[in-house]
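1. Sequence and predicted structure below; questions after.
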Amino acid sequence: MIYRSKAPLRIGLAGGGTDVSPYCDIYGGAILNASVSLYAYATIIEIDDEKILIEALDRDEAETYNLNSVLPINGKLDILKGVINRIQKDYGYLKRGFRLSTSVDAPAGSGLGTSSTLVVAIIGAFTEMLKLPLGDYDIAHYAFEIERNDLGLSGGRQDQYAAMFGGVNFMEFYKDDKVIVNPLRIRPQYMHELENNLLLYFTDTSRESAKIIDEQVSNVNKKNEKSIEAMHQLKEQAKMMKEALLKGKLNEFGEILDYGFRHKKEMAQNISNSRIEDIYSAAKLAGATGGKISGAGGGGFMIFYCPANSKFSVAKSLKKFGGEIKNYSFIKYGLTTWTIS
């Protein structure tokens, strides 16, 4: 039998960083994000050999282990091994050998939630194979626990829930890992216009998000007023953008992005740099009314709101920086799983 899954990556539109503890535990966080037609994929194929074969097809990495063993977390394919270890710990050792294969449509460290989405996709494939009694919130929280607790990876909470639920969501985050996902019913013409005007640009650099997030966490613990106030403003930005989208006030979209970009840079050092600033300035000179860094910052993807067909002139202006314009579309669905006999 073959068990497959795919889960969508997401564009964070507003509120990024307010889903990270301890900020959300103390003050409550809010984020607006949207899933796009870029995916993380997982496939499990049962084999006759008593082995566990794992491979990241897009990275040309593979390892083999004995069935019914705890896989070492050693910097090689740790996300795949972390999920397998947790599944076996909670649901018992698997009785038959298998091959787990994965791939992602964007590089790690690109700011689209690749790692968390991959965890959700892998859990989805195992849920399909083992018929695990996990609902939508269960899978998202399970993925969060594996990443943050089992593997010790720094980060927030939005990516797992975006991958699980899909669509456009206003998410709220509170203490004790409480998360509320509010799907937004936005008129199709508003989403079409947003998709038409929103340019997704890969800076051709990936970044180590953990260091930026760790500094953000430290700033909250140290009661750094400048950093905390920036997070308050980003939470407010998420509310502003939700209202603009629901009411179709897309003419305000770029300014709201720009508002968030200015405040996000106050959260921690290295969120922006001279290259990002040059790219941002060039995009605005070419017609963009605002933009942001996707994810923790420091590199990866950026988005720009380009009204009145200005995205063509913006794209042209960004050519000198290298990088790549990434085509996408907004999608309504999250994690999908299926079985092939």
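-> Thanks, I have it.

2. CA only for contacts and neighbour counts going forward, please
-> Will do.

3. For this structure, give the strand that spans the most residues.
-> Looking across the chain with DSSP state E, the single longest strand is strand 29-46.

4. name the helices or strands packed onto it?
-> strand 2-14, strand 98-104, helix 114-130, helix 158-165, strand 168-174, helix 225-247 (3 or more CA pairs under 8 Å, 6 or more residues apart in numbering; DSSP states H and E).

5. mind checking how far the second one is from the chain centre?
-> Averaged C-alpha coordinates place strand 98-104 at 19 Å from its chain's average position (CA atoms, centre = their mean, to the nearest Å).

6. ditto for the third one
-> Between the mean C-alpha location of helix 114-130 and the chain-wide mean there is a distance of 14 Å, by CA atoms, centre = their mean.

7. Same question for the fourth one.
-> Between the centre of helix 158-165 and the centre of its host chain there is 7 Å, according to CA atoms, centre = their mean.

8. Show me what it is in contact with.
-> Residues from elsewhere that reach helix 158-165 (CA atoms under 8 Å, 6 or more residues apart in numbering): 7-10, 19, 31, 33-35, 113, 116-117, 119-120, 136-137, 139-141, 143-144, 169, 171, 181, 333-335.

9. Find the residue at the geometric middle of the protein.
-> residue 113 (2.0 Å; CA atoms, centre = their mean).

10. okay but that residue is in contact with residue 10, surely?
-> Yes: using CA atoms under 8 Å, residue 113 makes contact with residue 10 at a distance of 6.4 Å.

11. Tell me how many other residues crowd residue 178.
-> Number of residues near residue 178 (other CA atoms under 10 Å) recorded here: 13.

12. partner residues bridging it?
-> Judged by DSSP bridges, the bridge partners of residue 178 are residue 174.

13. can you put the helices and strands packed on strand 29-46 in TSV and add mean pLDDT and mean neighbour count?
-> Listed next are these as TSV, based on pLDDT from 0 to 100; neighbours: other CA atoms under 10 Å:
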stretch	mean pLDDT	mean neighbour count
strand 2-14	97	27
strand 98-104	98	21
helix 114-130	97	25
helix 158-165	97	29
strand 168-174	98	23
helix 225-247	95	20
